[in-house]
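**Student:** no FASTA, just this:
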């Protein structure tokens, strides 16, 4: 289980997150919803150790992630698909996957599993990442993170800018991961893109945690969406 | 001597400059490419390589080849270790901030230079080449009886100079293989592409930085060991390699290894030829003008990609 315990973080002296607490359990998709600048991506970066915490702690089961150097966070089992994909553009598809595999010492069988999920990447293994289409790049970003065989997966707007068929494929992969026991923390702007796959929705406003509701409750009463996301 | 043989001689001298410059500049380019650190002290690592080569060579009795071989191994290792120590004690503390590391490496330049002056002295000292057989180069001339092979006076080189060109080419091939074919090369390229994502995939970026800084300095020291039997070791000898390396790295494209090597060949050959026919100062003026033109018309360099 991933647990954020009263986390405060920011950039330099500018505090973005204020005492944010959140729990993501194994086999659950929790969607972090909020307006632009609410602190969703900052939460992801704080979990990955890319931002120093001002206060609070972050735990993965019994491991305090916030006490680890940043490069040990993925080794502890946290996979990250950042906004905008941020692939190693000059490296080939195979080399991007290799980077993902080596983080936790995973072997070719993990790569095979991942390529089974994203068969289109198998045809592109020798191609540079920057030459892939937007959808293929998103697949590669997810595949690279899955090469870690993560216990927790952080997804920052994974469907941004993708065509509907690609969105459906990615949603299918995400729900499949949930069913294998992976804890998924998903950041999305568009509530309709995630409401039918998320178990719970956590709202965030101005870096502060809002209500956490089950997807069913939110489907029945969308007033929280209007308040925290403005749609 | 006529123009033709003279040009061959100048080209050979330029090829030696190009070979040594390529090695030195590749070190600088790697450090900038991976770490985004402009290492102003790079020339001093070159100088230290030459001074250590002299120290090792004169400490070992027997055939000069023994001392030279030991210098070839230990001088780059010692300089690399010093650079790693400088990275861990200075650059890491500055969080590899681009501006502050420039100032820090300027300080490092003066510290290394002045410590060398205090320990080694102001004299230029030679290192004996491990082998140095003179080779005459033939020339072909058309006379009354058709083409004839002649041996113009002064047209020649030495086995050692040819060996320097060959050794530099082999080392550059090894660096290229390291970067493109090895796991550590993959890690360096991933770190170069995106530091934060490298961290997100378990790459210990600070350790990679220390390794790259040490490796870049060791390459400069290796270049100096190769050249020191031709140019003597002196505590101020780091200035020219630094300037030329910057010129080469800017023309080739910051962080691009093929671009750096191509630019080193261009600048090295033109430096050799212009220095022989005109003056070394004119060669530097032309190289600097070339940098200005590249910065105006192709700021990313010949092979550099636009950074996003």
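**Tutor:** Perfect, thanks for sending it. Worth saying up front: this structure is predicted, and the values here are computed from it rather than measured.

**Student:** number of nearby residues for residue 3?
**Tutor:** Just going to use chain A. 17 (other C-beta atoms under 10 Å in any protein chain shown). Where you see a C-beta, it was placed from the backbone N, CA and C, and this is true even at glycine.

**Student:** chain B is the one I meant
**Tutor:** Using other C-beta under 10 Å, residue B:3 has 8 neighbouring residues.

**Student:** go on, the one 5 residues further on?
**Tutor:** Other residues within reach of residue B:8 by the criterion other C-beta under 10 Å amount to 17.

**Student:** my guess is it meets residue B:157, correct?
**Tutor:** No. Residue B:8 lies out of contact with residue B:157 (C-beta atoms under 8 Å); the separation is 9.3 Å.

**Student:** who touches both of the two?
**Tutor:** residue B:137 (C-beta atoms under 8 Å, 6 or more residues apart in numbering or on different chains).

**Student:** which element is residue 30 on?
**Tutor:** Just going to use chain A. Per DSSP states H and E: residue A:30 is located in strand A:29-33.

**Student:** other chain: chain B
**Tutor:** Using DSSP H and E, residue B:30 sits within helix B:3-35.

**Student:** helix or strand right after the strand holding residue A:30?
**Tutor:** Next helix or strand after strand A:29-33 toward the C-terminus (DSSP H and E): helix A:40-48.

**Student:** does that following helix reach chain B?
**Tutor:** Yes. Helix A:40-48 reaches chain B (C-beta under 8 Å from any C-beta of the partner chain) through residue A:48.

**Student:** the helix or strand following that helix: how far from the chain's middle?
**Tutor:** With elements assigned by DSSP H and E, the helix or strand that comes after helix A:40-48 is strand A:53-60. Computed by C-alpha atoms, centre = their mean, to the nearest Å, the chain-centroid distance of strand A:53-60 equals 18 Å.

**Student:** same check on stretch A:138-154?
**Tutor:** 9 Å.

**Student:** ditto for stretch B:23-35
**Tutor:** 10 Å.

**Student:** does at least one residue of it sit close to chain A?
**Tutor:** No. Judged by C-beta under 8 Å from any C-beta, stretch B:23-35 stays clear of chain A, getting no closer than 10.9 Å.

**Student:** for the lowest-mean-pLDDT helix or strand in chain A, name the packing helices and strands.
**Tutor:** Scoring the helices and strands of chain A by mean pLDDT, DSSP states H and E places helix A:223-228 at the bottom, with a mean of 76. Contacts defined by 3 or more C-beta pairs under 8 Å, 6 or more residues apart in numbering or on different chains; DSSP states H and E place helix A:223-228 against strand A:200-205, strand A:208-214.

**Student:** adding mean pLDDT and mean neighbour count, write those out as a markdown table.
**Tutor:** Shown next, in a markdown table, are those (pLDDT from 0 to 100; neighbours: other C-beta atoms under 10 Å in any protein chain shown):
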| stretch | mean pLDDT | mean neighbour count |
| --- | --- | --- |
| strand A:200-205 | 92 | 22 |
| strand A:208-214 | 90 | 16 |
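
**Student:** closest one to chain B among these?
**Tutor:** Closest to chain B of the helices and strands packed on helix A:223-228 is strand A:200-205 (C-beta to the nearest C-beta; 21.2 Å).

**Student:** what is the strand holding residue A:30 packed up against?
**Tutor:** strand A:14-24, helix A:40-48, helix A:164-179, strand A:183-188, strand A:200-205.

**Student:** any chance of a markdown table for those, columns distance to residue B:141?
**Tutor:** Converted to a markdown table, those look like this (distance: least, C-beta to C-beta, whole Å):
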| stretch | distance to residue B:141 |
| --- | --- |
| strand A:14-24 | 77 |
| helix A:40-48 | 71 |
| helix A:164-179 | 71 |
| strand A:183-188 | 77 |
| strand A:200-205 | 84 |
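
**Student:** please name the nearest non-neighbouring residue to residue B:138.
**Tutor:** residue B:149 (5.0 Å; C-beta to C-beta, 6 or more residues apart in numbering or on different chains).
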